[in-house]
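**Q** here are the coordinates; sequence isn't available:
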């Protein structure tokens, strides 16, 4: 590790190399201790969940006024399309899978007033090879782009969202899910990341089915989502944490890094039951701020502002983060439905000017802490 004098010399004489020198200089101010291990299991197979398979590309629906179709195979599958028009009034919507864009789009939604308001509708669906198991949590994740700034309540009014089914029974639907079983995180101005979950009790195994729908009811065209673009479908099976379980930061809980650079230490947190025993295979949702200073998070194959990670055999999640280009202080949070407290990681993105000023004011310092002068409210 470079000494403070070496780093200061690098700053004076080799300004172009400052970023690399600082990265080696940064030492995480961690909360607690770390346990090795990374999550590697828990996602169930959703064939063509990223909509990239050319064999599943194509379009169904549209055409004749009043026409309908149920589970019409798109290309050679596995996704199918179900669509319905209104006899004498509306053609059905069109359902298109674009393997190049990696999207599944329902478009052409309409609403007209006759004696009452009538709508056409459509959804994508597929039945998976996996069956429900007793005492498991099932979490469905998908991205939804609508061309408008929406949230869960507005999507519920529009009748647009995602649904998880077992056999012939709906387990959970984003438009009707009870509080705490659904969330929507903005990825950009018009795209939401939807996440819904259902906890099973003792059940008879039944095939799981995923549906992505745009089914307005009693809405005129101006009030509905006329185009819904779905992508990135994932389904996870995980452990249900018992009562009085806890989620606690164990490493990397307070650290800083130059803007645009990786944070120096991995971040870890552990889930324990009421007796202090670690709980493996728990799904933890990790979230960085949507605006301002923030970071891209990484765990296993997951990368983004909002990701999920499974606890390993030691009950621990491990993830890393890269600072964005905005300086400032912020929190990255980890949460598990049913556990009342969050794991909070306190982060700071520094500019090179801030680093130089800090080094000059603290000649013997090691690391870049979240000092209270600049990070009030984040300590």
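**A** Great, that's in hand. For clarity, every value in this text was computed on a predicted model and none was experimentally measured.
**Q** secondary structure element for residue 157?
**A** Using DSSP states H and E, residue 157 sits within helix 152-158.
**Q** actually residue 360, not the one I typed
**A** Per DSSP H and E, residue 360 falls inside helix 352-361.
**Q** Give me the mean pLDDT for that helix.
**A** Mean pLDDT, helix 352-361: 84.
**Q** buried ones in it?
**A** Within helix 352-361, the residues scored as buried using 16 or more other C-beta atoms under 10 Å are 354-356, 358-359. Glycine gets a C-beta too; all of them are placed from N, C-alpha and C.
**Q** ditto for stretch 90-102
**A** So, applying 16+ other C-beta under 10 Å, buried residues of stretch 90-102: 90-99, 102.
**Q** would you list the residues you listed in a markdown table and tack on secondary structure and pLDDT?
**A** Listed next are the buried residues of stretch 90-102 as a markdown table, based on DSSP: H, G, I helix; E, B strand; the rest coil; pLDDT from 0 to 100:
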| residue | secondary structure | pLDDT |
| --- | --- | --- |
| 90 | strand | 95 |
| 91 | coil | 95 |
| 92 | coil | 96 |
| 93 | coil | 97 |
| 94 | strand | 98 |
| 95 | strand | 98 |
| 96 | strand | 98 |
| 97 | strand | 98 |
| 98 | strand | 98 |
| 99 | coil | 98 |
| 102 | coil | 98 |
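**Q** Residue 127: which element?
**A** strand 121-131.
**Q** Pull the residues that contact that strand.
**A** 44-47, 61, 71, 74, 77-84, 92-95, 97, 104, 106, 109, 159, 166, 205-216, 230, 235, 237 (C-beta atoms under 8 Å, 6 or more residues apart in numbering).
**Q** Mind checking which of those residues land in strands?
**A** 44, 61, 71, 80-84, 94-95, 97, 104, 106, 166, 207-214, 230, 235, 237 (DSSP state E).
**Q** re the thing from before, give the pairing partners of the strand holding residue 127; include direction for each.
**A** strand 80-84 (antiparallel), strand 207-214 (antiparallel) (DSSP bridges).
**Q** export those to JSON lines and tack on mean neighbour count and distance to residue 291?
**A** Below are the strands paired with strand 121-131 laid out as JSON lines (neighbours: other C-beta atoms under 10 Å; distance: least, C-beta to C-beta, whole Å):
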{"stretch": "strand 80-84", "mean neighbour count": "23", "distance to residue 291": "36"}
{"stretch": "strand 207-214", "mean neighbour count": "22", "distance to residue 291": "28"}
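**Q** Relative to residue 170, which of the ones you listed is closest?
**A** Closest to residue 170 of these is strand 207-214 (C-beta to C-beta; 8.9 Å).
**Q** Figure out how far that closest one is from the centre of its chain.
**A** 18 Å (C-alpha atoms, centre = their mean, to the nearest Å).
**Q** can you check stretch 183-192 too?
**A** A distance of 9 Å separates the centroid of the chain from that of stretch 183-192, by C-alpha atoms, centre = their mean.
**Q** Would you mark the buried spots in that stretch?
**A** Of the residues in stretch 183-192, those buried (16+ other C-beta under 10 Å) are 183-187, 191-192.
**Q** quick one: which of the residues you listed is nearest residue 323?
**A** residue 187 (18.5 Å).
**Q** what pLDDT does that closest one get?
**A** Reading off the model, residue 187 has pLDDT 95.
**Q** who's in contact with the closest residue to it other than its chain neighbours?
**A** Spatial nearest neighbour of residue 187, excluding adjacent residues (C-beta to C-beta, 6 or more residues apart in numbering): residue 193 at 5.4 Å. Counting by C-beta under 8 Å, 6+ apart, residue 193 touches 141-144, 184-187, 232, 304, 306.
**Q** and what of residue 61?
**A** Contacts of residue 61 by C-beta under 8 Å, 6+ apart are 67, 69, 72, 81, 83, 92-95, 108, 122.
**Q** still on that earlier bit, take the buried residues of stretch 90-102 and write them to CSV, including distance to residue 152.
**A** Below are the buried residues of stretch 90-102 laid out as CSV (distance: C-beta to C-beta, whole Å):
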residue, distance to residue 152
90, 27
91, 29
92, 26
93, 22
94, 26
95, 23
96, 25
97, 25
98, 26
99, 29
102, 24
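**Q** Now flag whichever of these is closest to residue 170.
**A** So of the buried residues of stretch 90-102, ranked by how close each gets to residue 170 (C-beta to C-beta), first place is residue 95, at 20.2 Å.
**Q** Mind listing the residues bridging to the nearest residue to the closest one once chain neighbours are set aside?
**A** Leaving aside its chain neighbours, residue 95 sits nearest to residue 81 (3.8 Å; criterion: C-beta to C-beta, 6+ apart). With DSSP bridges as the criterion, residue 81 is bridged to residue 72, residue 124.
**Q** Residue 267 too?
**A** residue 319.
**Q** Could you report the neighbour count for it?
**A** Residues within reach of residue 267, counting by other C-beta atoms under 10 Å, total 29.
**Q** Go ahead and confirm it touches residue 344.
**A** No - at 10.7 Å, residue 267 does not count as touching residue 344 under the criterion of C-beta atoms under 8 Å.
**Q** Just give me the neighbour total for residue 206.
**A** When neighbours are defined as other C-beta under 10 Å, residue 206 has 15 of them.
**Q** circling back: now, which of the contacts of residue 193 lie within strands?
**A** Going by DSSP E, the strands hold 141-144, 184-186, 232, 304, 306 from these.
**Q** now do the same end-to-end measure for stretch 133-141.
**A** Terminal residues of stretch 133-141 lie 19 Å apart, using C-alpha to C-alpha, to the nearest Å.
**Q** which parts of it are buried?
**A** Within stretch 133-141, judged by 16+ other C-beta under 10 Å, the buried ones are 136-141.
**Q** which residues sit against that stretch?
**A** Stretch 133-141 is contacted from outside by 132, 162-164, 171-172, 193-203, 205, 208, 210, 232-240, 283, 308, 337, using C-beta under 8 Å, 6+ apart.
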